[in-house]
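# Please find the sequence and the predicted model below.
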Amino acid sequence: MTASVPVTAGLFELGADGSGHLLGGWCAACARYHFPATTSCPYCSAEGCETRRLGERATLCLFTTVVNRPPGYSGEVPFGFGVVELPEGLQIIARLTETDAARLAFGAPMRLTFVPLHLDDEGRQVISYAFAPLEPT
């Protein structure tokens, strides 16, 4: 089994079963969430923000397909890229699992998932968060 590491520490927590949550900050002073989590609020500058799990569902706001490898990126292309809105009211930039923009729609329901990006210099799988279209039930 290949060891894995998050793309950046503190963005999410990942369970052994592959499920997980994004980690946002909650500011009691202005009652707003922010992502990623920090101890100070980016909106009102209050200190003492607490880290909270964010919702696993989202709504798709913007999307595109990245077909050329960005500088410093060693993962596969093409990949979906967009903005999703979480239940907490946050709009975040995220990788999308769907690479065909024609199969996406504004306002589509999405679900949080985690995807491998590449192997690092130590041979570990680098993992990032992404959003996938929510399958009809």
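Arrived safely.
# ranges for the strands of the protein?
4-6, 12-14, 20-27, 32-34, 50-53, 57-66, 79-85, 91-96, 109-119, 125-133 (DSSP state E).
# What residues does the residue of the chain most remote from its centre make contact with?
Distance to the chain centre peaks in the chain at A29, reaching 25.3 Å (criterion: CA atoms, centre = their mean). The contact partners of A29, taken as CB atoms under 8 Å, 6 or more residues apart in numbering, are 41, 44, 46. Yep, even glycine has a C-beta here, placed from its N, CA and C like the rest.
# Pretty sure the second one sits against H34.
Meaning C44. No - using CB atoms under 8 Å, C44 is not in contact with H34; the gap is 10.3 Å.
# Overlap of the contact sets of the two?
C27.
# Tell me which of the two has more neighbours.
Applying other CB atoms under 10 Å to C44 and H34 shows that H34 carries more neighbours, namely 19 against 12.
# Skipping adjacent residues, who's closest to the more buried one in space?
Leaving out its chain neighbours, the residue that sits closest to H34 by CB to CB, 6 or more residues apart in numbering is G25, at 4.7 Å.
# On the pLDDT front, check the one you found for me.
G25 carries a pLDDT value of 97.
# Show the contacting residues for F79.
Contact analysis of F79 by CB under 8 Å, 6+ apart lists 65-66, 95-96, 99.
# For R111, see how far away it is.
The gap separating F79 from R111 is 17 Å, by CB to CB, to the nearest Å.
# Distance check, L117 against R95.
For L117 relative to R95 (CB to CB), the value is 8 Å.
# Burial check on G89, number of neighbours?
8.
# Can you mark which positions in the helix or strand bottoming out on mean pLDDT in the chain are buried?
Ranked by mean pLDDT, DSSP states H and E, the weakest helix or strand in the chain is strand 4-6, scoring a mean of 88. Neighbour-count burial for strand 4-6, counted by 16 or more other CB atoms under 10 Å, picks out P6.
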